[in-house]
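> Quick one: sequence and predicted model below, then my questions.
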Amino acid sequence: MLSYFLRRLILVLPVAFGVSVICFLLVQIAPGDPLTAIMPVDATAEEQAAMRAAYGLDKPLPVQYGIWIANLAQGDMGRSIATGRPVAGEVFGAVQNSLLLAISAAVIAFPIGIFLGFLAGYFRDTLLDRAVTAISIAGVSVPNYWLGIVLVIIFSVSLGWLPSMGAGPGGSQDWGWDWLHIRHLILPAVTLAVVPIGIVARTVRALSGDILTMDFVQALYAKGMSRFDVLAHVARNAAATALSVMGLQLGYLLGGSILIETVFNWPGSGFLLSNAIFQRDLPLLQGTILVLALFFVAMNLIVDVAQAAIDPRIKRN
Amino acid sequence: MIGLKKSFAALALTAGLLCAQTAAAQGTLRIGMTAADIPLTTGQTDQGGEGMRFMGYTVYDSLIEWDLTSADKPSVLIPGLATEWSVDAEDKTKWTFKIREGVTFHDGSPFTAEIAVWNFDKLLVDTSEQYDSRQAAQGKSRIPAVASYKALDDYTLEIVTKAPDATLPYQLAWILMSSKANWEAQGKDWEKVAAAPSGTGPWKLETFVPRERAELVPNPDYWDTTRVPQLDKLVLIPLPEPNARSAALMSGQVDWIEAPAPDTIPAMTGNGFVISSNAYPHNWTWHLSRLEGSPWNDIRVRKAANLAIDREGMGALLGGLMVPAKGFLPPSSQWFGNPSFDVKYDPEAAKALLAEAGYGPDNRLKVKALISPSGSGQMLPLPMNEYIQQSLAEVGIDVEFMVVEWNQMINLWRAGAADPSVEGSQSINFTYFIQDPFTALIRHLDCNLIAPNGTNWGHYCDDEMQGLFEQIKTTFDPAEQDKVIQKTHEKFVDEALFLMVTHDVAPRAMSPKVKGFVQAQNWYQNFSSITMD
């Protein structure tokens, strides 16, 4: 197990390198100019050239990449072109907020998804199954940014129960575990949870439905086990695959919440990314994408190792 | 018993004090900006017009400022930190500015001519200790005329221009003055100054959290007593997404939002929110290519296109929040003049002009237009351009669009019509800040500013126009200069040098509790007169 973990860990290095190259190149491919964020649009060509040189943007791409990766190796992600602030501080602050939102959404989505999935799988082809299937398809299909706007209209604008923007009172970004802050989290977390509820429910339904038709389940019943004990065996058999789906979903929740964070003005990595894209803030863009991609790589590693630990059938040679 | 009496007395006193405080308090105004971050706080702001509006003329002053007190009259220049200025009668490059006495920064240090010099060095001299590349990036290009400057005494400043240039006062209205004493107190570190800046403006920055909020409090010692803020606090919150801004206003999290989404305006007004708008120096045009082979070289085609658009009809598309163009500048501008070409909707006249130019049903004119799906100041570019496409098609002009994302559009605008990257587009839909003679007129059509070296996108060059631009720069009497600018604008309109469509009206939505706001015909606004109910 330990050797498997170390082997997987070593494999992460080339993946991380590949990710860094792609991150760097992707943002260069996009048309646009980072200088638009820091200079008046009618600055002269001479002034633009001087500014380009000051930021090192006039150097060949491989040289720019070399400088970036060398600084990165020393923990320096550079400075945002638009704000002049260190990228690391901006990115990690935002990632913390996104993690909070993603984990909150996962806490809502995973138990509900698992419960609905088991329910549908156990009562397969019944009215209950169809109802759960309909709910999960709706969850996956409804554009969550639209749902977010609808929830804002109902709960913020019409009823005035919950705030529509920010992570704290007055747009504050400093999180606190009190009602004043938690009420800011409810709407975005619920909105973000809708898609994974559908996906997890669909996955668990398919897994549990299949496992329940297997011979060993009949054997367990024949041995006189209670329904609950049999379901526990089914759950254990389904856990490895369900876990990998949930792990990936957590990654998506963290990286894929750009629209939700924008709708709710949530100061997370998605919001930061969206602003960096519009401003062509290359260092901030590269830093944010890199951190999110590495988080995704780490999630994959954790899920792989956890699968191997949970399911003895999975041989990792 | 005595104890009880004392308690009552204390209670009454406390209640009295509370009532007195409530009566004096003018409240907190929370504004949702369209910017994604708090504009640069150190002096010269970033984030365009919004940056100057909220973090420029609030915390800082310039030598010469814009009058923001009237909604009815066009905004004009007024004395700021300079009380008067004049150009040397013999040497028209030499200007003298009398510095306002008794003005102090928020840190208590005095503003003098020497401090003005220090501020120019901050932007223009990259070897100076106080040079700040971030502020220089914003400010240097605003004062192209300035060659040198020096303090003649504490309250007299001399500025020498590279050539005679009567637009210098307009250029100086961009330059905001930071405190040298504060910069020194912050260890000569502009990043530290950003958190604790010091200007001479009517507002002091009390709290600044990047990307989150800025809290401004009144400067009770402001030199212009009529502009001492009446509010207790002004809170600026970045809310870049239009729907999030609207929801924040309607759920009571902010009291005022900039640029509400047009489709949310009926819901807002229906719920008692107030929409404030006014004409201001902004235009929405197609800047036309004048390269050889461009169909826009024919004045009949240009006039035909201008006559083909039903601008009143477009107003419905924008919820009425626009001023139909009658020229390149808004009709209320002090520089509008009296053009002879009437920019109106007359499709029959347009067809006749096109026929005269050799186009007709069997020979429809084909043009390619560069547009963006969004962008700062672009209003609703896609539906508006589709409306124009349909209008032009009705008179016999078929438009093919090249659609590029806004940031790339800026690049293509800078590159100019001759650049291969525009792929032969013969116009660009680029909205303009047109507040002073240079930004309003000169920069678009000056022969010396042909792209990519300048912002003359269409490569237009005309001797008569160049002569007028020169005259603007060499007419030092403001009233006479206004007349030359009017004449220049008349030429813009009479020769239909742009496809002139509309002007934005800077809509902002606010809670009915907001009182006393006067929306000036300017990109910047005065927040000092506002109170909260």
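Nice, I can see it.

> Tell me who's in contact with the residue of the stretch 401-533 of chain B found nearest chain A.
Residue of the stretch 401-533 of chain B nearest chain A, by C-beta to the nearest C-beta: B:Asn407 (3.5 Å). For the C-beta atoms, the positions are set from N, CA and C on the backbone; glycine is no exception. Counting by C-beta atoms under 8 Å, 6 or more residues apart in numbering or on different chains, B:Asn407 touches A:Pro31, A:Gly32, A:Asp33, A:Thr36, A:Phe278, A:Gln279, A:Arg280.

> number of nearby residues for residue 171?
If you meant another chain, say so; for now it's chain A. Close neighbours of A:Gly171, defined as other C-beta atoms under 10 Å in any protein chain shown, add up to 26.

> Hmm, no, I was thinking of chain B.
B:Gln171: 22 surrounding residues under other C-beta under 10 Å.

> B:Gly187 too?
The number of residues packed near B:Gly187 is 9, by other C-beta under 10 Å.

> Quick one, grab the pLDDT at it.
pLDDT recorded at B:Gly187 is 97.

> I believe it is in a helix; please confirm or correct that.
No: with DSSP: H, G, I helix; E, B strand; the rest coil as the criterion, B:Gly187 is located in coil rather than a helix.

> re the thing from before, tell me which helix or strand the residue of the stretch 401-533 of chain B closest to chain A sits in.
helix B:406-415 (DSSP states H and E).

> mind listing the strands in the stretch 351-500 of chain B by residue range?
Taking DSSP state E, counting those that start in this stretch, the strands of the stretch 351-500 of chain B run over residues B:365-371, B:397-403, B:427-428, B:432-433, B:498-503.

> and the contacts of B:Asn407 near chain B, which?
Among the contacts of B:Asn407, the residues lying close to chain B (C-beta under 8 Å from any C-beta of the partner chain) are A:Pro31, A:Gly32, A:Asp33, A:Thr36, A:Phe278, A:Gln279, A:Arg280.

> nearest to B:Asn411, of the residues you listed?
When the ones next to chain B among the contacts of B:Asn407 are compared for distance to B:Asn411 (C-beta to C-beta), A:Asp33 wins out at 5.2 Å.

> List the contacts of the closest residue to the closest one other than its chain neighbours.
Leaving aside its chain neighbours, A:Asp33 sits nearest to B:Asn411 (5.2 Å; criterion: C-beta to C-beta, 6 or more residues apart in numbering or on different chains). Residues in contact with B:Asn411 (C-beta under 8 Å, 6+ apart) are A:Pro31, A:Gly32, A:Asp33, A:Thr36, B:Ser421.

> Out of the residues you listed, grab the one that's most surrounded.
A:Thr36 (24 neighbours).

> from memory that one sits against A:Arg280, does it?
Yes: look at A:Thr36 against A:Arg280 with C-beta atoms under 8 Å: they come within range, at 6.5 Å.

> before we move on, back to that, in terms of mean pLDDT, which of the strands of the stretch 351-500 of chain B ranks lowest?
Note on those: lowest mean pLDDT is at strand B:432-433, with a mean of 92.

> what about it, near chain A?
No: Strand B:432-433 does not reach chain A (C-beta under 8 Å from any C-beta); its nearest approach is 8.8 Å.

> got a list of contacts for that strand?
Here strand B:432-433 makes contact (C-beta under 8 Å, 6+ apart) with B:Gly48, B:Gly49, B:Pro281, B:His282, B:Asn283, B:Thr285, B:Gly377, B:Thr439, B:Ala440, B:His444, B:Trp523.

> and that strand, which strands flank it?
If you go by DSSP bridges, strand B:432-433 pairs up with strand B:282-288 (antiparallel).

> could you give the mean pLDDT of the partner strand?
96.

> And for the closest residue to A:Thr262 other than its chain neighbours, the neighbour number?
Spatial nearest neighbour of A:Thr262, chain neighbours left out: B:Glu241 (5.0 Å); criterion: C-beta to C-beta, 6+ apart. Neighbour count of B:Glu241, defined by other C-beta under 10 Å: 23.

> tell me the contacts of B:Glu241?
Counting by C-beta under 8 Å, 6+ apart, B:Glu241 touches A:Thr262, A:Val263, A:Asn265.

> re the thing from before, show me what counts as buried in the helix holding B:Asn407.
Within helix B:406-415, the residues that count as buried by 16 or more other C-beta atoms under 10 Å in any protein chain shown are B:Trp406, B:Asn407, B:Gln408, B:Met409, B:Ile410, B:Asn411, B:Leu412, B:Trp413, B:Arg414, B:Ala415.
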